[in-house]
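Asker: Pasting a predicted model and its sequence here:
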Amino acid sequence: MAAFLLRRLVAAVPLVFGVMVLVWLLLEALPGDYCDSLLSPDLDPRTIPAMRAALGCDAPAYGRFFAAMRGVLSLDFGTSVSFGRPVRDVVLDALPNTLLLSASALLAGQAIGGTAGIVQAVYHRRWPDTALSLLTLAFWSVPIFWLALWLQLGFGWAFATSGMRDPMSDEWAPWARTWDVLVHLVLPMTTLALAGAAGDSRLLRGSMVEALHQDYVRTARAKGVSEPSVVLRHALPNAVLPWIASLGLHLPALLSGSLIVENVFGWPGMGRVMAQALSQGDAPLALGTFFGFTWVVALGGILTDAAAALVDPRIRLER
Amino acid sequence: MTRTRALDLGALLLGAGLLLRAAVVGGPRLNVLLWPGPGDLHEAAHSRVACFAWVATVCLLPVLTSRRAGPRLALLRRLRAHPVALVGLHLSMLIVLTTALAPLLTALAPGRTTYPTGLPPSPGHWFGTTAIGTDVFTDTLYGARVSLLVGVVAVAVSTTLGTAIGAIGGYLGGWPSRVLGGFTDLMLAIPRIAVLLLVVGLVPMGNARFLIVALVLGLTGWMHVARTVRMEVLSVRERDFVIAARALGVPEARILARHVLPNVLTPVVIYAALGLGGTMLTEAALAYLGRGASAGASWGSLIHEGSSRLATEPWSAGIPGLCLMASVVAFNLVGDGLRDALDPRLRVNPS
């Protein structure tokens, strides 16, 4: 297992590096450069060329490319223009918030979607199945930011609708601060979870229906095992595998969704930082956030494969 | 079969209602649809095509799919046996028809701000008006054109590109396969919406903007198709008829185009239907983040504009959102139906 994790980690490095090259090329195509956004036009026009040269903006393209890639390798992306702080600090501040949102949404979504899928399989082709099918189809097709807006409107009286902390919360007791974050987390998490749950329930419904028609389920029923036990202990463990294997595929979609939801709810995560970096032409920050995003996706994929192998002894990691 | 008949009848009635509405609003302009004058050709051409295509399909479907029809229509018959898919099919055609008939269904102009502000839905303004005085019904009708067109162009690009990359990579093997596979994985590792935000920021505002946005959406959405096609090609290229063709001396490019590709197109067709809805949602999200296909025209930007007044005038963001959701539901239903009809084993899960 350790060897597998290590090999996959090493294999992810060129992937992330490739993404960095691609993103650098796209950023290079943006009009204006880092120095344009950094140096205020109010500065003495005579000092600008010297400052540009000192910042390395006038270097030839390959020079700037190698400087940027050296930054990627040393994990030092320079200073963000729009935040006025080192990119690394900005990204490291935002990353845990995004992980908190995405991970809780993933768990909640799996719980909702999983329950729906099991209920659908148990009541296959009867009215609960039909009703839940229509419901999941609706949530599968809903524009996520639109759902977020309605939840904001409908549940704003009960939960916080913007940001992650109360501005006054620094002076509160630790438990009160934790509670405060949870109150802010509920709505963005629910939005992401509802949108994600739809796909999961479709997947689990299919494999559960298949599992419930297997011989071992008939045997279990014949020997008098209670129906909940048949469903949860005999069929579910065998049906859950494609579901777990699909988690890694969901991750990019989940992160894309969180990028949108963060902007609706003002959640201070990577999505907001990235939107700000891109709208203000903050190239170092954009490079840094893409770096963080890509690693999260890559690590998520590796962890999912490892989890699938832990659940199913038939899967051998050594390929 | 009675349920299918009922669905056909319902669709026919809805279509008749639409045409009646077009006759009332369009008045003399309805003539444009049937006998266009020299100046009206542009507007009338696609309205007429869409209208006739829909009426013809509704009328001919029962005939074509009756038991006496030939085996070529077996797919259509299987699709029709699926009431859910049929609902989706009719719903999507209805959306296309409404879109095409937009100028005949409303006498008002899209984007014009001269109507009373903040009116709730009323006989004069079916879906109300916004705070800046645009008519929501009209804007939604015309917004459908942008959303649908962007979706269709993007899906055309992504399925073509995905099929080409997947097929070439899967068929050739060796280093081209490794390079193309690696590139596919690379593109899959980046969150799509982030790349779109980055790239779409480069596109200048203007008339061609929505085409470029559609192109970019296509260029970032081909990876799932490529993966699926690649897997299919890997299995098809070992089949006997391919080996036989090669033994006969058929050129490799011809084997790929004439013998392999037709056998892997099933998942591509399914993906195209399922991907259309997803692409429209992505375009709407981009528009919501202020980077949409055009300024204030697509459903996404209508939602964006209405979102700040959701509590006081829910119709201005609610109606375009509902329409977007209904269209995506319709396309997903068609995709699900196609999947069930063509290949019950296959589970495509585009994200």
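Answerer: Perfect, I can see it now.

Asker: now the most centrally placed residue in chain A, what's its secondary structure?
Answerer: Centroid check for chain A by Cα atoms, centre = their mean gives A:L255 as the closest residue, at 2.8 Å. Following DSSP: H, G, I helix; E, B strand; the rest coil, A:L255 is assigned to helix.

Asker: Where does pLDDT dip in the stretch 251-351 of chain B?
Answerer: Within the stretch 251-351 of chain B, the segments meeting pLDDT under 70 span B:293-296, B:343-351.

Asker: Ok, the stretch 1-150 of chain A next?
Answerer: In the stretch 1-150 of chain A, residues with pLDDT under 70: A:31-41, A:54, A:56.

Asker: before we move on, the earlier item: for burial, what's the neighbour tally of the spatially closest residue to the residue nearest to the centre of chain A that is not a sequence neighbour?
Answerer: What sits nearest to A:L255 in space, not counting adjacent residues and going by Cβ to Cβ, 6 or more residues apart in numbering or on different chains, is B:P191, at 4.6 Å. All C-beta spots, glycine's among them, are computed from the backbone N, C-alpha and C. Neighbour count of B:P191, defined by other Cβ atoms under 10 Å in any protein chain shown: 26.

Asker: Thought A:G292 was touching B:P191, still the case?
Answerer: No - here B:P191 lies out of contact with A:G292, judged by Cβ atoms under 8 Å, at a distance of 11.0 Å.

Asker: Near chain A, which residues of chain B are found?
Answerer: B:182, B:185-186, B:188-195, B:197-199, B:201-202, B:277, B:281, B:284-285, B:288-290, B:300, B:303, B:307, B:310-311, B:314, B:317, B:321, B:324-325, B:328-329, B:332-333, B:347, B:349, B:351 (Cβ under 8 Å from any Cβ of the partner chain).

Asker: And the buried ones among these, selectable in ChimeraX?
Answerer: Restricted to buried positions by 16 or more other Cβ atoms under 10 Å in any protein chain shown, the ChimeraX selection for the residues of chain B next to chain A reads:
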select /B:185,186,188,189,190,191,192,193,194,195,197,198,199,201,277,281,284,285,288,289,290,300,303,307,310,314,317,321,324,325,328,329,332,333,351
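
Asker: The residues of chain B next to chain A in strands, which ones?
Answerer: Applying DSSP state E to the residues of chain B next to chain A, no entry is found in strands.

Asker: From chain A, how far out is B:V152?
Answerer: 17 Å (Cβ to the nearest Cβ, to the nearest Å).

Asker: Excluding chain neighbours, what is closest to that residue?
Answerer: B:L276 (6.9 Å).

Asker: That neighbour contacts B:F331, correct?
Answerer: Yes - counting by Cβ under 8 Å, B:L276 touches B:F331, with 4.6 Å between them.

Asker: Between the two, which has more neighbouring residues?
Answerer: B:F331 (28 against 25).

Asker: For the more buried one, give me its contacts.
Answerer: If you count contacts by Cβ atoms under 8 Å, 6 or more residues apart in numbering or on different chains, B:F331 has them with B:88, B:92, B:273-274, B:276-277, B:280.

Asker: Identify the farthest-apart pair in the residues you listed.
Answerer: B:G88 and B:M280 (14.5 Å; Cβ to Cβ).

Asker: Compare those two (neighbour count), which wins?
Answerer: B:M280 (28 against 24).

Asker: residues contacting the more buried one?
Answerer: B:147-148, B:150-151, B:299, B:324, B:327-328, B:331.

Asker: for B:S307, same thing?
Answerer: A:145, A:149, B:288, B:317.

Asker: what does the stretch 101-250 of chain A put close to chain B?
Answerer: Near chain B, when you scan the stretch 101-250 of chain A using Cβ under 8 Å from any Cβ, you find A:137-138, A:140-146, A:149-150, A:152-153, A:199, A:202-203, A:206, A:246, A:249-250.

Asker: If any of these are buried, put those into a ChimeraX selection.
Answerer: Command for ChimeraX that selects the buried part of these, burial taken from 16+ other Cβ under 10 Å:
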select /A:137,138,140,141,142,143,144,145,146,149,150,152,199,202,203,206,246,249,250
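
Asker: Check whether the closest residue to B:T134 other than its chain neighbours sits in a helix, strand or coil.
Answerer: Excluding the flanking residues, the one nearest B:T134 by Cβ to Cβ, 6+ apart is B:T113, at 5.6 Å. Taken by three-state DSSP, the conformation at B:T113 corresponds to coil.

Asker: Check what pLDDT B:T113 gets.
Answerer: In this model, B:T113 is scored at 75, pLDDT.

Asker: rewinding a little: relative to A:A29, which of the contacts of B:S307 is nearest.
Answerer: Checking these against A:A29 with Cβ to Cβ, the nearest one is B:Y288 at 24.2 Å.

Asker: Might one say that that closest one is in contact with A:I260?
Answerer: Yes - between B:Y288 and A:I260 there is a contact under Cβ under 8 Å: 7.3 Å.

Asker: where do the contact lists of the two overlap?
Answerer: Joint contacts of B:Y288 and A:I260 (Cβ under 8 Å, 6+ apart) are A:F145.

Asker: now the helix or strand containing A:W179: mean pLDDT?
Answerer: Using DSSP states H and E, A:W179 falls within helix A:174-212. Mean per-residue pLDDT for helix A:174-212: 88.

Asker: Who are the packing partners of that helix?
Answerer: helix A:87-122, helix A:127-141, helix A:144-155, helix A:236-239, helix A:241-245, helix A:247-265 (3 or more Cβ pairs under 8 Å, 6 or more residues apart in numbering or on different chains; DSSP states H and E).

Asker: Can you lay out those helices as JSON lines showing distance to A:A308?
Answerer: Converted to JSON lines, the helices and strands packed on helix A:174-212 look like this (distance: least, Cβ to Cβ, whole Å):
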{"stretch": "helix A:87-122", "distance to A:A308": "14"}
{"stretch": "helix A:127-141", "distance to A:A308": "23"}
{"stretch": "helix A:144-155", "distance to A:A308": "27"}
{"stretch": "helix A:236-239", "distance to A:A308": "13"}
{"stretch": "helix A:241-245", "distance to A:A308": "5"}
{"stretch": "helix A:247-265", "distance to A:A308": "8"}
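
Asker: quick one, which of those is packed in tightest?
Answerer: helix A:247-265 (a mean of 24; mean count of other Cβ atoms under 10 Å in any protein chain shown).

Asker: what secondary structure does the residue lying farthest from the centre of chain A sit in?
Answerer: Distance from the C-alpha centroid of chain A, by Cα atoms, centre = their mean, peaks at A:R46 (45.9 Å). Assigned with three-state DSSP, A:R46 falls in the coil class.
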